[in-house]
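Engineer: A predicted structure for the sequence below; I have some questions about it.
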Amino acid sequence: MAVGRDDFVIAIRSAFLKKKDKQKFSLLSLIFLSIFVIILSNLNLKVVKLVKSSINEVVYRSSFFISIPENYIQELKHNFDLHMDLYEKYNKTKSEFENLKQKQLIDNFLEIENKKLRSLIDENIKSDEVLAKVLIDKESPYLKSIVLNKGSKDNVRMGMAVLDGVYLVGQIIEVNFTNSRALLLSDLNSKIPSVLEPSGIQVVISGTGDNFGVVEHTQYEFSNSQNTDVISYTSGVGGLFKPGIPIGKMSNKIEGKINFFSDFSQLNYVKVSSYKIGDEE
C-alpha cells in the first residue's frame, strides 16, 4: 500500500517536471497569486496597506532616479538643437546684413552719380513751355490727334512735345496762327525714340491705334532681359524731345506692350514744350 502511494507521488512529480506541464503549473501559480493579492487588497488590512505603500514608494523613487539620465540627455539634445538653430539664424542674418551693406554702398554711389548727371543735364538743357487747352479730339481708326488753342503767335513750333503733367502724350505736327494740332502717341504713325529702364535698351515706341504702344527693333533682346518693372522714357535721340520724359510702363514683356501713363480721352489742358542744349539758338 505504501509502495503504491510512493509511485503515485513519483508520477505526479514526473508530470510536473515535463516542460509543458511546467508552464501550466507556472500559469496556475500566477493565477492563484493574483487572486490572493486581490483578496488581500480588498480586506483593507493595515499590514497590506503598509506593504503596498512601501512598494509604491520604492517604485516611484526608482522611476525618478532611473529617469534622471534620460531627462538630462533629452534636455542636452534640446539645448543643442536650440543652439544650432540660433547659430544657423545668426549666419543667415549676418549674410543678409553684409548683402544689404554692399547694396547700400552701391545705391549711395549710384545716387551720387545720378545727382551729378542730373545737375549737368539741368545746366545744359533749357526748356520753354506753353500751357494750352484741348479744343477738339480728332479720333479715327487711323488718326488720333488733338487741336490746341495755341499757335505760332504763342511761339508754338513744329515738333514740340505735348505733355500731360510730366508725361509725354504727343508732338506738334501742324501749326497755325492761333491754334495747332498734335499727333498722339497712340496714333499708328507715331514713332518715339525711347529707352527702357532699368535695362537701358534703346528702342522705338510705336502707336497701335489703341491706348498702348509696342516696342520695335529690339523686342527679342528685351524679352531675354531681367524680370523687373520696366518704364519707358524718351531717349533724346534725334533731338525731338528732351531725354527722360516718362512715356509708359511695360505690361507684357514678351509682346513688348507699353501702357501709356496718360489717358488720352481725358485730356483738357496740356503743356507744349521745347528745349535747347546750352547756348543753342
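Structural biologist: Yep, that arrived. Residues are numbered from 1 along each chain as shown.

Engineer: ok, residue 259 touching residue 208?
Structural biologist: No: using Cβ atoms under 8 Å as the test, residue 259 is too far from residue 208 to be in contact (11.2 Å). All C-beta spots, glycine's among them, are computed from the backbone N, C-alpha and C.

Engineer: quick one: average confidence on the helix or strand where residue 29 lies?
Structural biologist: Assigned by DSSP states H and E, residue 29 belongs to helix 19-43. For helix 19-43, the mean pLDDT works out to 65.

Engineer: and if you look at stretch 267-281?
Structural biologist: 74.

Engineer: can you check stretch 153-166 too?
Structural biologist: 91.

Engineer: Residues contacting stretch 170-181, please?
Structural biologist: 132, 135, 138, 145-153, 156-162, 182-185, 187, 190, 240-241, 272 (Cβ atoms under 8 Å, 6 or more residues apart in numbering).

Engineer: Now the buried members of these.
Structural biologist: 132, 145-148, 150-151, 156, 160-162, 182-185, 187, 190, 240-241, 272 (16 or more other Cβ atoms under 10 Å).

Engineer: Report the helix or strand with the lowest average pLDDT across this structure.
Structural biologist: Across the helices and strands of the chain, mean confidence by mean pLDDT, DSSP states H and E is lowest for helix 219-223: a mean of 52.

Engineer: Quick check: next helix or strand after that one?
Structural biologist: Following helix 219-223 in sequence, per DSSP H and E, is strand 231-234.

Engineer: other SSEs contacting that next one?
Structural biologist: For strand 231-234, the elements it packs on are strand 191-197, strand 246-252, judged by 3 or more Cβ pairs under 8 Å, 6 or more residues apart in numbering; DSSP states H and E.

Engineer: Select from those strands the stretch with the lowest mean pLDDT.
Structural biologist: strand 246-252 (a mean of 85).

Engineer: What distance do you get for residue 216 to residue 185?
Structural biologist: Distance, residue 216 to residue 185, by Cβ to Cβ, to the nearest Å: 13 Å.

Engineer: Common neighbours of those two, please.
Structural biologist: Contacts common to residue 216 and residue 185, judged by Cβ under 8 Å, 6+ apart, are residue 205.

Engineer: can you give me phi and psi for residue 168?
Structural biologist: phi -80, psi 130 (degrees, to the nearest 10).

Engineer: Can you tell me the closest non-neighbouring residue to residue 268?
Structural biologist: residue 134 (5.8 Å; Cβ to Cβ, 6 or more residues apart in numbering).

Engineer: Is that neighbour in a helix, a strand, or coil?
Structural biologist: strand (DSSP: H, G, I helix; E, B strand; the rest coil).

Engineer: so what's it bridging to?
Structural biologist: residue 148 (DSSP bridges).

Engineer: Pretty sure it sits against residue 147.
Structural biologist: Yes: with contacts counted by Cβ under 8 Å, residue 134 reaches residue 147, the gap being 7.4 Å.

Engineer: Any chance you could give me stretch 190-205 in PDB, C-alpha atoms only?
Structural biologist: This file holds the C-alpha atoms of stretch 190-205, laid out as PDB (Å, rounded to 0.1, in the frame of the first residue of the first chain):
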ATOM      1  CA  SER A 190       3.700 107.800 -84.000                       C
ATOM      2  CA  LYS A 191       7.300 106.600 -83.600                       C
ATOM      3  CA  ILE A 192       9.100 107.800 -80.500                       C
ATOM      4  CA  PRO A 193      12.800 107.100 -79.800                       C
ATOM      5  CA  SER A 194      12.900 105.700 -76.300                       C
ATOM      6  CA  VAL A 195      14.900 104.000 -73.600                       C
ATOM      7  CA  LEU A 196      13.700 101.200 -71.400                       C
ATOM      8  CA  GLU A 197      14.800 101.400 -67.800                       C
ATOM      9  CA  PRO A 198      16.400  99.900 -65.800                       C
ATOM     10  CA  SER A 199      18.000  97.800 -68.700                       C
ATOM     11  CA  GLY A 200      18.900 100.900 -70.700                       C
ATOM     12  CA  ILE A 201      17.900  99.400 -74.000                       C
ATOM     13  CA  GLN A 202      17.300 101.900 -76.900                       C
ATOM     14  CA  VAL A 203      14.000 101.200 -78.600                       C
ATOM     15  CA  VAL A 204      11.300 102.900 -80.700                       C
ATOM     16  CA  ILE A 205       7.700 103.000 -79.200                       C
END
